[in-house]
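Asks: please work out how this folds:
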Amino acid sequence: MGAQEDAALIRRGYDAFIAGDLDALKELFADDVVWQIGGTGPLSGDKKGRDAVFEYFGELGTRSNGSLKTTEVDVSVGDKRTVGVHRSQAERDGKSLDQHYAIAFTVSGGKVVDAVEMAEDTAKASDFWS
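Replies: Here you go, the predicted structure:
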């Protein structure tokens, strides 16, 4: 796959995530995908394997009481990674989240094999998800 195909795959991933279409989203990830989340909060660290990544996605929904709204902002392609930028908004227990995230994806064989997620403000993200 080339750069444009990788970008299209990431855009399909955003579309599926935003729509809550987990079946479509699962098709885009390798079984042994690694998702790395920066920061020091309770959701930070490495999620290894597709099941662990989807447990993390489920935890986002649970911890936000179903209020998480994600909007794709941009997808850019580099030589080795495809970067997605999105805005996340959520409400939880009197707290609110409204910030941008960047995810650097590695795509191989038409599947996401690695992702590094970085919040605009890791301290605020950690506080919200705690």
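
Asks: ok, residue 34 to residue 108 distance?
Replies: 12 Å (C-beta to C-beta, to the nearest Å). C-beta coordinates here come from the backbone N, C-alpha and C atoms, glycine included.

Asks: please identify which of these two sits among more neighbours.
Replies: Ranked by neighbour count (other C-beta atoms under 10 Å), residue 34 and residue 108 place residue 34 first, with 17 against 11.

Asks: all helices for this protein, in order.
Replies: Along the chain, counting by DSSP state H, helices occupy 3-19, 22-26, 50-63, 122-129.

Asks: quick one: which of the ones you listed is nearest residue 78?
Replies: Closest approach to residue 78 among the helices of the chain (C-beta to C-beta): helix 3-19, 8.2 Å.

Asks: now do the longest strand seen in the chain, average pLDDT.
Replies: Across the chain, the longest stretch assigned as strand under DSSP state E is strand 95-108. Across strand 95-108, pLDDT averages out at 97.
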